[in-house]
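Peer 1: have a look; sequence and predicted model below, questions after that.
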Amino acid sequence: MDQIFVSSVQKELQADRYAVRDFVHGNELLSQFFRVFLFEDLPPTDRRADEVYLDEVAKSRIYVGLFGNEYGWEDDGGLSPTEKEFDFAAKQRKRRFIFVRGYDDKNRHPKMKKLIRKAGDEVVRRRYADTDEMLRLLYGSLIR
């Protein structure tokens, strides 16, 4: 069974993250082929968070990036976990599906705007207005 790694700012897009997991696990067809990894589903561990999430990206066949307005916490190098996960998925040659919540970039963090542009230079990304639309787009990507 292939793993799908869901990447986003957790607090901002929590409902969308849970919707991806519940949709895939609850779909008779998709659940036969995929399981979804969400960082927040892990129990506490004695490993660093960045080690864990990059290990899970490595174990995954598919990276799903849900990009919103927030960029997220930045490490000493100025990168968020979402951007590090995206870059690592590219380096590992994972299939990457990028979904951008909303059509108006006016309220987006400047670094998120830059990440969206970077993603658009590397893969076909899609914008969505609501969770249902994102799930329809995701389904199409997964069955291709």
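Peer 2: Looks like it arrived, so ask away. Numbering: from 1, shown residues only.
Peer 1: ok, now how distant is the residue nearest to Leu29 when sequence neighbours are not counted from Phe34?
Peer 2: Computed as CB to CB, 6 or more residues apart in numbering, the closest residue to Leu29 that is not its neighbour in sequence is Ile143, at 7.7 Å. For glycine as for every other residue, the C-beta is placed from the backbone atoms N, C-alpha and C. Separation of Ile143 from Phe34 (CB to CB, to the nearest Å) stands at 11 Å.
Peer 1: so which of these two has more stuff around it?
Peer 2: Higher neighbour count among Ile143 and Phe34: Phe34, with 18 against 9, using other CB atoms under 10 Å.
Peer 1: correct me, but the more buried one touches Val24?
Peer 2: Yes: if you go by CB atoms under 8 Å, Phe34 and Val24 touch, sitting 5.3 Å apart.
Peer 1: any residues in contact with both of those two?
Peer 2: By CB atoms under 8 Å, 6 or more residues apart in numbering, Phe34 and Val24 have these common neighbours: Ile4, Leu142.
Peer 1: please export the C-alpha coordinates of the helix or strand of the chain with the lowest mean pLDDT as CSV.
Peer 2: Ranked by mean pLDDT, DSSP states H and E, the weakest helix or strand in the chain is helix 49-59, scoring a mean of 93. C-alpha atoms of helix 49-59 as CSV (Å, rounded to 0.1, in the frame of the first residue of the first chain):
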residue,chain,number,x,y,z
ALA,A,49,10.2,16.6,14.5
ASP,A,50,12.2,17.4,11.4
GLU,A,51,13.8,14.0,11.4
VAL,A,52,10.4,12.3,11.7
TYR,A,53,8.6,14.3,9.0
LEU,A,54,11.4,13.9,6.5
ASP,A,55,11.6,10.2,7.2
GLU,A,56,7.9,10.0,6.4
VAL,A,57,8.3,11.9,3.2
ALA,A,58,11.0,9.4,2.2
LYS,A,59,8.6,6.5,3.0
